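**Student:** Structure, please.
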Amino acid sequence: MRLTRRKCKPVMETAYIALGSNLEQPQRQLQAGFAALARLPGTQLIAQSSLYRSAPVGYADQPDFVNAVAAIRTSLSPRDLLDALLNIEREQGRVREFPNAPRTLDLDIALYGTRVIDEPGLSIPHPRMHVRAFVMVPLAEIAPDAVVPGRGPVRELLAGVDVASVTKLQAVTA
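**Tutor:** From the prediction side, this is the model:
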């Protein structure tokens, strides 16, 4: 009798990544961010929102941001995904001078399946995503039926957010 070894398919999870930039051609930074997400090992970029302009939050003396959300399917663990996102940020010149500082690229895990994680340096769902129009508007564009654990469906949460602070941008042509 001959035993054959089958390779198990890695477990793929849907995750939503919030992207933001307000330095060094922000629209191009986000496009490069989408491309970098698609290149991650064990990961497929399955959707990307339009780009949106929003005013800065926290530290106001800086340029407006351009924001978007990407949907990915990934076999990376939440911690490995976070490490990969931080590496992409560094590769695109992100410097963390102070909280809410201007940045070339910011990548945050908004949702990772239905998981709730609260560890040092890693909180999923993102703790303030449900009140931030610059996350909720692009997320609702690509995943209105997604559920924020402990909060509810994106479509319903969007109704409680002031969307006037977010403006959809026209697509950039290369």
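**Student:** Mind listing what's buried along stretch 94-105?
**Tutor:** If you call a residue buried by 16 or more other CB atoms under 10 Å, then stretch 94-105 has these buried ones: Arg94, Ala101, Pro102, Arg103, Thr104, Leu105. Every residue, glycine included, has its C-beta placed from N, CA and C.
**Student:** Do you know the pLDDT at the fifth one?
**Tutor:** Put plainly, it is Thr104. In this model, Thr104 is scored at 88, pLDDT.
**Student:** ok, now Val66?
**Tutor:** 97.
**Student:** Can you report phi and psi for it?
**Tutor:** Dihedral pair for Val66: phi -110, psi 130, per degrees, to the nearest 10.
**Student:** That one is in contact with Arg53, isn't it?
**Tutor:** Yes. Val66 lies in contact with Arg53 (CB atoms under 8 Å); the separation is 5.9 Å.
**Student:** The two: which is more packed in?
**Tutor:** Val66 (22 against 18; other CB atoms under 10 Å).
**Student:** what is the more buried one paired to in the beta sheet?
**Tutor:** Under DSSP bridges, the beta-bridge partners of Val66 are Ser21, Arg53.
**Student:** Contacts only, for it.
**Tutor:** Going by CB atoms under 8 Å, 6 or more residues apart in numbering, Val66 touches Gly20, Ser21, Asn22, Pro26, Gln27, Gln29, Leu30, Leu51, Tyr52, Arg53, Ser54, Leu169.
**Student:** and these, which are buried?
**Tutor:** If we count by 16+ other CB under 10 Å, these have these buried: Gly20, Ser21, Asn22, Pro26, Gln27, Gln29, Leu30, Leu51, Tyr52, Arg53, Ser54.
**Student:** Tell me the one of those residues nearest Arg73?
**Tutor:** Leu30 (19.9 Å; CB to CB).
**Student:** wait, the closest one sits on Asn22?
**Tutor:** No. With contacts defined as CB under 8 Å, Leu30 does not count as touching Asn22, sitting 10.6 Å away.
**Student:** Let me see the ranges of the helices in this structure.
**Tutor:** 26-38, 78-91, 133-142, 154-158 (DSSP state H).
**Student:** by contact count, what packs against the second one?
**Tutor:** Using 3 or more CB pairs under 8 Å, 6 or more residues apart in numbering; DSSP states H and E as the contact criterion, the secondary-structure elements in contact with helix 78-91 are strand 13-21, helix 26-38, strand 106-112, strand 122-124.
**Student:** Go through those and name the closest to Ala164.
**Tutor:** Using CB to CB, the nearest of these to Ala164 is strand 13-21, at 18.3 Å.
**Student:** The closest one vs helix 133-142, what angle?
**Tutor:** Using axes from the mean of the first three to the mean of the last three CA atoms, to 10 degrees, the inter-axis angle of strand 13-21 relative to helix 133-142 is 130 degrees.
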